[in-house]
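Student: Requesting a structural model of the entry that follows:
(3 chains)
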Amino acid sequence: MSKPLLGLLLGAVLGAIDGLSAMFSAPETAPQIMGIVIGSTFKGIIVGALIGWYAWRVNSLAKGMVVGLVVAAFFAFLIAVMPNEQGGHYWLEIMIPGSIVGLIVGYATQKFGKARVVTT
Amino acid sequence: MTRLPDDAVSRLREAAAWPELPPERYELRALIGRGGMGAVYSAFDRRLDREVALKVSNGATPASGLDERLRREASVLARLEHPGIVPVHDAGELADGRWFYVMKLVHGRTLTDHVPTLSGEAAILGVFERIAQTVAFAHDAGVVHRDLKPSNVMVGRFGEVLVLDWGVAKVLGSAPVMSSHDPSSAQDTAAGTRIGTPGFMAPEQERGDTLTATPAADVYSLGALLSWLLTHVTVPVQPGRRLRAIVAKCLQPAPADRYPDAAALVSDIGRYRAGQSVEAHKESLFERAWRWLEKYRTFILLILAYLVMRAAFAYFSRS
Amino acid sequence: MIPFPATHGSVLERIRSGEPSVRQLAFGDLARGYWKPSYHYIRLHWRLSPEAAEDAVQAFFTVAFEKSYIERYDPSKAKFRTFLRVCLDRFVQNLKKAESAERRGGGATTLSLDFPGAERELSAIPAAGATDLDRFFHDETVRFLFARAVESLRARCADADRDVVYRVFEFHDLQPGAETTYSTVADALGITTSQVTNHLHAARRQFREIALDHLRAISATEDEFQREARDLFGIDLS
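Tutor: A predicted model of the protein is given here:
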C-alpha cells in the first residue's frame, strides 16, 4: 500500500472515530452527529492524504510527524473556528485530538507504506 | 668482513624476499602483511595511475604448490565480481617463478578491529548481512570460501564490507579431486587435511572431510561469526528467541540441518530485521501475536494514547 | 677466502654419515657458520678474555668433533641453535673449572678464523645485548650468515667480472642513504635506471640463493632449515 493511500485510509478511520467521540465529549451535538462524523471523516481523508503524500516525498520521521501535526492542527482550526449553536467554540475538544491524529498519521506514513521508487 | 648493523640485516631480509616486478608497470611500495601462502605489498600501477595491492606467493620452488594455490585464488577472485569481494586487476609470474596477482588496495580495518565501534543489534546485523550477501553471491557462483572468520572480513573507510582471503576456497564441480595438476586438491585428499580456523570451521572441516565441502560449511562459519559479533561488541547483545534460532540453525552439527546456503540465511536475516517470522523458528500463536505487537508497538501505543485522551475528554466534559 | 664446499643434506645427516670425509666437511661448515656468534657469545656472556675466548671456540669445535657432541642432538627437544649454545655453555663451564684450555686433538680441521676481526665487532654490540641468550645467539648467527652471504656474493660477482652488480646491491640495499633511489644509484655508478633495476634483482636473487645455501649447511635437519628459511625470508620450501 502506498504512503498516500495509507494516510488517506488511516485519516478516514481516525477522523470517523474523532467525529463519533463528539457524542461523549459534547453530548449536545448528538442531533448533528451524522454530519459531524461525515465532516470529520472527510477532513481526516484530506489531512491523511496530504500527510501521506508528504511522507511519500520526504523520508524523515521527525519531519513527517511535525508536518502531520501542523497540517492536522490547521484543518482542526478551520473546524474549531466555526461557532456552535450557542456561539461558543470547541477549541480544545477539536484541536487537541485533531492535532494528535495528525501526529499519528505522520508517524504511520513515515514508518509504513510503500515509499516512492526513484529511477534514473 | 664487516659487522652488519641491525638495519642492514632487516633490509637484506626484506630485499631477499622482494618481488621482481615488471618495473615499467608496477612500482612496489611497502610490505603490508605476510601469511602462510604469500605476502601482500602495496604498489603503484604506473599505467593506470593508481594504488594497488600485490599478493606474491611464498613458494621458493614450483614443487611447494603455493604458486598453484595463489593462481587458483586469483582465478576464483576474478570470477567473483561483487562489491563485497576485492577485484583482481592482473596476474602473472615473477622472474624467479613465483606467482603474483594484483588487486584493489583496500584501506580499512578487519572486523576484529571494527567490532568495538559497533553498537546494538541493528548495527551488527547491518554488517553481518553484507558479509552473508557476499558469501551468498559466491555460493551462487559455485564457490565455497571455507575460511570465514573476523580477520578475513574488512570494513573499508566508507563502511564497505569486504570478504577477503579466498586462498582455500573450493570451486564446486571443478577439476576432479584426484587431479595431479592441482596440488591443493592433492593436499585436500591427503589424510583429512583440516581447512579453516578453529572456532569458526564446521565439524566436517574439523574432521578433515574436505572432499564434501558444501555451502553449508560456510553457513556454519557465518553462524559462528554472527555469534562472535553479538558477544564481542562493547556492550554484548542479548539476542531474542528468533535470532538465537537463526544462529542455532547455522551451527547445527549436521550440514543437512543448517541453511543449505548463505542465500537462505540472508533471506531469514532479512525477514528477522523486517519483524517477520523466520524459517529457523516455528512460532506459536501467542509468539506471533506478541511479535506483531512488538513490530507495531509505537503505533499501537499512539492509538491507545489517543483513545485514552479521547475518553478523558469525554469524562471531563460530562462531569 | 675460505673455500666453501658443496653441501648435500642437513648438517646432522652428514655428521651422522659413515663417511669420515663427509663428517669432517660437515663440521667445517658448522664451525664456519657458528664460530663468530660463539665467540661473541662467550666474550659477552662468559666474559672470557679475547685470547681465552679464541681458544675456547677453537677447542669447542674440535672437541665437539672428537667427542661427537652434535650426534646427540634430538630435534624433538629443542632448536639446534639452543642445543649448540647449551653445549657451548657447558664446555666453557668445564673449561673454567679446569682453568685450562682443552688441547686441540688431531684429525680435526683447524680453521683459520678472523678472531681479531670478531673482537673489533664486539664494540658495536650493546653491553646489554646478551640478556636474552637464545635471542642474542640467534641474531648473531643470522647476522653472520648474512655477512658471509654478502661476502660470497661479492666474490661471485668479482669472479664473473660483474662488479657493478654487487656495487648496485651495496649502494641500494647494504648502505643506502636517506635519499637513495634507483636514479641516485644510477647517477653514482654511471649506468641507466633500468640497469640498476636489473642488476639489483639479479643481486638479490643470488644473495637469496647463497644465503639459503649457507643456512642449509648449518641446519641440523631439513625441517629446521625450512623453518629458518620461512623465518628469514618468509618463503616456504616444503
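Student: so residue B:146 is in which element?
Tutor: For residue B:146, there is no host helix or strand (DSSP states H and E).
Student: Tell me the secondary structure at the residue of chain A found nearest chain B.
Tutor: Nearest residue of chain A to chain B (CB to the nearest CB) works out as residue A:24 at 3.3 Å. Bear in mind the C-beta positions are built from the backbone N, C-alpha and C, glycine included. Taking DSSP: H, G, I helix; E, B strand; the rest coil as the rule, one finds residue A:24 in the helix state.
Student: swap in residue B:119?
Tutor: Taking three-state DSSP, the label given to residue B:119 is coil.
Student: Next one: it from residue B:234, what distance?
Tutor: Per CB to CB, to the nearest Å, residue B:119 is found 7 Å from residue B:234.
Student: Overlap of the contact sets of those two?
Tutor: Between them, residue B:119 and residue B:234 share no contacting residue under CB atoms under 8 Å, 6 or more residues apart in numbering or on different chains.
Student: More neighbours: which of the two?
Tutor: Between residue B:119 and residue B:234, counted using other CB atoms under 10 Å in any protein chain shown, residue B:119 has the larger neighbour count: 12 against 9.
Student: Tell me which residues touch that one, please.
Tutor: Contacts of residue B:119 by CB under 8 Å, 6+ apart are B:233, B:234, B:235.
Student: Next, work out how far apart it and residue B:235 are.
Tutor: 7 Å.
Student: got it, and residue C:92?
Tutor: From residue C:92 to residue B:235 the distance is 59 Å (CB to CB).
Student: out of those two, which sits in the busier spot?
Tutor: residue C:92 (22 against 8).
Student: element containing the more buried one?
Tutor: helix C:80-98.
Student: and that helix, what other elements does it pack with?
Tutor: Helices and strands touching helix C:80-98, by 3 or more CB pairs under 8 Å, 6 or more residues apart in numbering or on different chains; DSSP states H and E, are helix C:20-41, helix C:50-66, helix C:133-159.
Student: Take the helix or strand following the longest one, keep the C-alpha atoms, and write them as PDB.
Tutor: The one in question is helix C:133-159. Downstream of helix C:133-159, the first helix or strand assigned by DSSP H and E is helix C:163-169. Extracted in PDB, the C-alpha atoms of helix C:163-169 (Å, rounded to 0.1, in the frame of the first residue of the first chain):
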ATOM      1  CA  ASP C 163      81.400  -6.000 -10.000                       C
ATOM      2  CA  VAL C 164      78.700  -3.400 -11.000                       C
ATOM      3  CA  VAL C 165      76.000  -5.900  -9.900                       C
ATOM      4  CA  TYR C 166      77.500  -6.100  -6.400                       C
ATOM      5  CA  ARG C 167      78.000  -2.300  -6.300                       C
ATOM      6  CA  VAL C 168      74.400  -1.700  -7.100                       C
ATOM      7  CA  PHE C 169      73.400  -4.100  -4.300                       C
END
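Student: Not counting residues beside it along the chain, what's closest to residue C:33?
Tutor: residue C:218 (3.4 Å; CB to CB, 6 or more residues apart in numbering or on different chains).
Student: ugh, wrong one, residue C:12
Tutor: Closest residue to residue C:12 apart from its sequence neighbours, by CB to CB, 6+ apart: residue C:220 at 4.4 Å.
Student: who are the neighbours in contact with residue A:10?
Tutor: Residue A:10 touches A:48, A:104, A:105, A:108, A:109, counting by CB under 8 Å, 6+ apart.
Student: what's the longest helix in chain A?
Tutor: Of all segments of type helix in chain A, defined using DSSP state H, the longest is helix A:33-57.
Student: Not counting that helix itself, show me its contacts.
Tutor: With CB under 8 Å, 6+ apart, helix A:33-57 has contacts from A:2-16, A:18-20, A:22-23, A:29, A:64, A:67-68, A:71-72, A:75-76, A:79, A:98, A:101-102, A:105-106, A:109-110, A:113, A:115-116.
Student: Could you tell me which of those residues count as buried?
Tutor: Buried members of these, scored by 16 or more other CB atoms under 10 Å in any protein chain shown, are A:2-16, A:18-19, A:22, A:29, A:64, A:67-68, A:71-72, A:75-76, A:79, A:98, A:101-102, A:105-106, A:109-110, A:113.
Student: For chain C, what lies in contact range of chain B?
Tutor: C:114, C:117, C:121, C:124, C:139, C:142-143, C:146-148, C:150-151, C:173-176, C:194, C:197, C:201, C:204-205, C:207-208, C:211-212, C:229-230, C:232-238 (CB under 8 Å from any CB of the partner chain).
Student: just the buried members of those?
Tutor: Buried among the residues of chain C next to chain B by 16+ other CB under 10 Å: C:121, C:139, C:142-143, C:146-148, C:150, C:173-174, C:176, C:197, C:201, C:204, C:207-208, C:211-212, C:229-230, C:232-238.
Student: For residue B:299, which three-state class applies?
Tutor: Going by three-state DSSP: residue B:299 is helix.
Student: Leaving out the residues flanking it, which one is nearest to residue A:14?
Tutor: residue A:101 (4.5 Å).
Student: Quick check, pLDDT for the one you found.
Tutor: On pLDDT, residue A:101 comes in at 89.
Student: What angle do helix A:33-57 and the helix or strand hosting it make with each other?
Tutor: Applying DSSP H and E as the criterion places residue A:101 in helix A:91-111. When axes from the mean of the first three to the mean of the last three CA atoms, to 10 degrees is applied, the directions of helix A:91-111 and helix A:33-57 differ by 40 degrees.
Student: same for helix A:91-111, what does it pack against?
Tutor: Packed next to helix A:91-111, using 3+ CB pairs under 8 Å, 6+ apart, are helix A:3-20, helix A:33-57, helix A:61-80, helix B:297-318.
Student: least reliable of the ones you listed going by mean pLDDT?
Tutor: Across the helices and strands packed on helix A:91-111, the lowest-scoring stretch is helix B:297-318, with a mean of 84.
Student: which outside residues touch that one?
Tutor: Contacts of helix B:297-318 (CB under 8 Å, 6+ apart): A:14, A:17-18, A:21, A:24-27, A:92-93, A:96-97, A:100-101, A:103-104, A:107-108, A:111-112, B:293.
Student: how about 6 Å then?
Tutor: Under the contact criterion CB atoms under 6 Å, 6 or more residues apart in numbering or on different chains, helix B:297-318 has outside partners A:21, A:24, A:25, A:100, A:104, A:108.
Student: Repeat that for stretch A:67-80.
Tutor: A:43, A:47, A:50-51, A:54, A:89, A:91, A:94-95, A:98-99, A:101-103, A:105-106.
Student: which of these sit farthest apart?
Tutor: Within the contacts of stretch A:67-80, A:54 and A:89 form the most distant pair, 28.3 Å apart (CB to CB).
Student: what's the nearest residue to the residue nearest the centre of chain A if we skip its chain neighbours?
Tutor: The centroid of chain A falls nearest to residue A:44 when counting by CA atoms, centre = their mean (4.0 Å). Once flanking residues are discounted, residue A:44 sits nearest to residue A:15: 2.0 Å by CB to CB, 6+ apart.
Student: so who does the one you found touch?
Tutor: A:40, A:41, A:43, A:44.
Student: re the thing from before, could you check which of residue A:54 and residue A:89 has the larger neighbour count?
Tutor: Counted by other CB under 10 Å, residue A:54 and residue A:89 do not tie: residue A:54 has more neighbours, with 21 against 15.
Student: From chain A, how far off is residue B:200?
Tutor: From residue B:200 across to chain A, the span is 37 Å (CB to the nearest CB, to the nearest Å).
Student: my guess is that residue contacts residue B:220, does it?
Tutor: No: with contact defined as CB atoms under 6 Å, residue B:200 does not count as touching residue B:220 (8.1 Å).
Student: ok, those two, which is more surrounded?
Tutor: Using other CB under 10 Å, the more surrounded residue of residue B:200 and residue B:220 is residue B:220, with 25 against 21.
Student: Show me where the stretch 1-150 of chain B dips below the pLDDT cut-off.
Tutor: B:1, B:23, B:59-64, B:95-96 (pLDDT under 70).
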